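A.B. asks: Here is the input, now give the coordinates:
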Amino acid sequence: MYALRGSRSGELLTFGGKVIVHDNAAELAFLVKDAWVVRTEIDPDDAIPIWAHPDLASVSFPLNRSDFRCPR
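C.D. replies: Numbers count the residues shown, from 1 in each chain. Sure, this is the predicted structure:
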């Protein structure tokens, strides 16, 4: 499992008190640019999968990168 570590805080990023996790490091890095992706062995009860985050409700997993626009 992979989590996000804040580039400024150095802390694992959370939502609702749970660490945001994903099983695909490349997808996690693609979705969140201002954080480091780190391997973690967190208890599932203390984690929330990134696909369950409300800000990503419109995103389908596995990711299809062509669904995203790249800034010019």
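
A.B. asks: For the worst-scoring helix or strand of the chain on mean pLDDT, which residues meet the burial criterion?
C.D. replies: Every helix and strand in the chain was compared by mean pLDDT, DSSP states H and E; the lowest is helix 25-31, with a mean of 93. The neighbour-count criterion (16 or more other CB atoms under 10 Å) identifies Glu27, Leu28, Leu31 as the buried residues of helix 25-31. Any C-beta I mention is one placed from the backbone N, CA and C, and that applies to glycine too.

A.B. asks: export the residues you listed to TSV and tack on distance to Ile20?
C.D. replies: Converted to TSV, the buried residues of helix 25-31 look like this (distance: CB to CB, whole Å):
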residue	distance to Ile20
Glu27	12
Leu28	8
Leu31	10
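
A.B. asks: avg pLDDT for stretch 43-63?
C.D. replies: Taken as a whole, stretch 43-63 carries a mean pLDDT of 93.

A.B. asks: First-to-last residue distance for it?
C.D. replies: End-to-end distance for stretch 43-63: 25 Å, by CA to CA, to the nearest Å.

A.B. asks: Could you report the pLDDT at the residue lying closest to Glu41 once chain neighbours are set aside?
C.D. replies: Leaving aside its sequence neighbours, Glu41 sits nearest to Met1 (CB to CB, 6 or more residues apart in numbering; 7.1 Å). Per-residue pLDDT puts Met1 at 96.

A.B. asks: I'm done for today, thanks for sticking with me.
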